[in-house]
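# Sequence and predicted structure below; questions after.
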Amino acid sequence: MFSTALKYRLETELGLSVTHCPSMAAVRAIFQSEAPEFALAVLDLNLPDAPNCEALDYVISKGIAPLVFTGSFSDTVRDAILAKNVLDYVVKDSPAAMQQLVLAVDRILTSGKTQVLIVDSDPESLQQQISLIAKQRFQIVAVETAAAALEALDSYGGIDLVVTDLDLSDMDGFTLLQEIRKRHGDDTVRVVGLAKSEDRMVAARFLRAGGDEYIQKPFLIEEFNSRIFHVAAIQKRVQSLHRIAARDYLTDIYNRRYFFEAGPRLVDQALRRGEQMSIAILDIDHFKRLNDTYGHEVGDVVLKAVARRLKHRVGDRHLLARLGGEEFGIIFHGLGLEEALDHCERLRTELAAQPISADGEPLTITVSAGLAAISVRETFDNYLNAADQFLYMAKHAGRNRVFSELSLMNALAS
C-alpha cells in the first residue's frame, strides 16, 4: 500500500519516473540487466529477503544516493545509517510521514541547483560543514575569511546561501552580514550564522541584524541539514517570485523595476573590481507614428520582435531591460566605451537590415541609442541621465544612429 501510494505521488506531483522493487531480489535483478541511471533511491531498511540493511549497502555500492524511509528506527539505527552517508531519513511514525517523504525527495532533487558559500576560519569546522552540505548535493564554495567571502560573492554568479561562522579571523560575522546586506541587498542571498556561544542574545542579535537563521555549535546533523534545507527552500521560492516580478509582461525581458534594482549592484561590483562598464538607452524611432498608422496590436508585435532580437544579440552577459514604452536599457558588463559603441552599432544596423513582419507586411524598424561610460562612482541616475542626453542628441541628429562621448568628440573634430 505504501509503495503504490508513494509511487503515484512521486510520479504525479513531482513528475518523476519511478521503479518499484518489493524485494532485494528485485533490486538485484534490475542491475543484472542494463539498469537506467537512478538519481535517488528511496528504501526501507527491512525487506522480506534483506532484513539487515542489505538494500542500503547495495544501492550505495551502485553509486546511488539513498533516502531511508523506514518504520524500524532507534538511536542505534540512526547512528548506523548516518555513518553510511545517507542523504536523509523519514520515519513511518505518523500519517504525515508520506508527505514528509515527498517533500524530502523534491528538496534533494532540486538542491543541486543551489550554490552555498561556506565561511569558517577553523579548518576542521569548515571541513565538517563541507562534508555535510556536499552530501545534500548543494554546489559549494568554501573560504576561510570574510574578505574571501565578499570576493566570492562578487566573483561567483548566483550564490544563494551563505553559511558563516560568527568568529572569523579577519572580521566578525555581524560585520560580514552587514557588508553582504549593503552590497547585495536583503533578498539576493540568505545568510545562516554559526557560533559556539551559549549566550542566547547572540542568536537574537544576528537575526535582528538581518540574518536568516542561526545554528548553535555543536549541532545535530539532522538539525543542521533541516535548517540549511529550510533556508535554501525559502530562497528558491523568493527567487521564483522575483523572477516573475522582474519580467516585462509583454516582451518577457527584464522590466524597469529590475533594471533599477540590479543595475546599481552590478555597477558597484564592477567598480570594486576595476572592471569597465557602459550603459545605453535605446529607443525605437517613430514608434508613435507606427502605432497611429498600424494600431497598438502591430506596435506590440514590433516591441516583442525588437526585444527578442536584442536579447539574442546582447546575451546573458549583459543586462537588458524594457524601461517603458519603446525604450530599452542595456548595461554592458566588462565593455569600455569603445567596445560598447561597436556593439551598439552592430545592434542598430542588424535591426534596420531585418524587416519585421506585422500582419504580413514587412516593416523596417530603426533605433537610436545613447551610450555613456561608467568609470567613476556616481549615482545610478547620473549614468542613466548621461545616456539619455546622448539619446536626445542621436534623435536630434536624424535618428537611426548611436551617440556617445566618442561620437561627440568625433563630430567636434570634424
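Nice, thanks for sending it over. In this text, all values refer to a predicted model and were calculated from it rather than measured experimentally.
# quick one: N385 and S197, what's the gap?
49 Å (Cβ to Cβ, to the nearest Å). Every residue, glycine included, has its C-beta placed from N, CA and C.
# And for L347?
Counting by Cβ to Cβ, the gap from L347 to S197 is 55 Å.
# Quick check on those two: which one has the bigger neighbour count.
L347 (22 against 12; other Cβ atoms under 10 Å).
# how distant is the helix or strand where the more buried one lies from the center of its chain?
Using DSSP states H and E, L347 maps to helix 337-353. Distance, stretch centre to chain centre, for helix 337-353: 30 Å (Cα atoms, centre = their mean, to the nearest Å).
# helices or strands next to that helix in the packing?
Here helix 337-353 touches strand 277-284, helix 296-314, strand 327-333, strand 367-374, strand 402-403, helix 405-413, going by 3 or more Cβ pairs under 8 Å, 6 or more residues apart in numbering; DSSP states H and E.
# what angle do the third one and strand 277-284 make?
Interaxial angle, strand 327-333 versus strand 277-284 (axes from the mean of the first three to the mean of the last three Cα atoms, to 10 degrees): 160 degrees.
# Pairing partners for strand 327-333, with directions?
Strand pairing for strand 327-333, using DSSP bridges, gives strand 277-284 (antiparallel), strand 319-324 (antiparallel).
# Now tabulate those strands in CSV and tack on mean pLDDT.
Rendered in CSV, the data for these read as follows (pLDDT from 0 to 100):
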stretch, mean pLDDT
strand 277-284, 96
strand 319-324, 95
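# Mind checking those for the one nearest to R247?
strand 319-324 (9.5 Å; Cβ to Cβ).
# Buried residues in the closest one, which are they?
319-323 (16 or more other Cβ atoms under 10 Å).
# thinking again about what came up before, identify each buried residue in the helix holding L347, please.
337, 340-341, 343-344, 347-348, 351.
# Mean confidence (pLDDT) on that helix, please.
For helix 337-353, mean pLDDT is 93.
# tell me the angle of that helix relative to helix 296-314?
140 degrees.
# Can you name the element that comes right after helix 337-353?
Taking DSSP H and E, what comes next after helix 337-353 is strand 356-358.
# packing partners for that following strand?
So strand 356-358, by 3+ Cβ pairs under 8 Å, 6+ apart, packs with helix 296-314, strand 361-363.
# gap between that strand and the chain center?
Distance, centroid of strand 356-358 to centroid of chain: 35 Å (Cα atoms, centre = their mean).
# same thing with stretch 65-75?
The answer for stretch 65-75 is 32 Å, by Cα atoms, centre = their mean.
# how much space between the closest residue to R317 other than its chain neighbours and A373?
Of all residues not flanking R317 in the chain, H333 sits nearest, at 5.7 Å (Cβ to Cβ, 6 or more residues apart in numbering). Going from H333 to A373 by Cβ to Cβ gives 13 Å.
# Which of these two has more residues huddled nearby?
A373 (22 against 17).
# Show me which residues of stretch 257-266 are buried.
Residues of stretch 257-266 classed as buried by neighbour count (16+ other Cβ under 10 Å): 258-259, 261-263, 266.
# With secondary structure, pLDDT and distance to I281 as new columns, can the residues you listed be given to me in TSV?
Listed next are the buried residues of stretch 257-266 as TSV, based on DSSP: H, G, I helix; E, B strand; the rest coil; pLDDT from 0 to 100; distance: Cβ to Cβ, whole Å:
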residue	secondary structure	pLDDT	distance to I281
Y258	helix	92	16
F259	helix	95	11
E261	helix	89	17
A262	helix	89	16
G263	helix	92	12
L266	helix	89	16
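# Go through the residues you listed and name the one nearest L282.
Of these, the one sitting nearest to L282 (Cβ to Cβ) turns out to be F259, at 12.5 Å.
# show me what contacts the closest one?
319, 321, 323, 329, 331 (Cβ atoms under 8 Å, 6 or more residues apart in numbering).
# G210 too?
By Cβ under 8 Å, 6+ apart, the neighbours of G210 are 177-178, 181, 186, 191.
# Buried ones among those?
The neighbour-count test (16+ other Cβ under 10 Å) marks 177, 181, 191 as buried among the contacts of G210.
# Among these, which are located in strands?
Counting by DSSP state E, those place V191 in strands.
# among the buried ones among the contacts of G210, which one has the lowest pLDDT?
The minimum pLDDT among those falls on R181, with 92.
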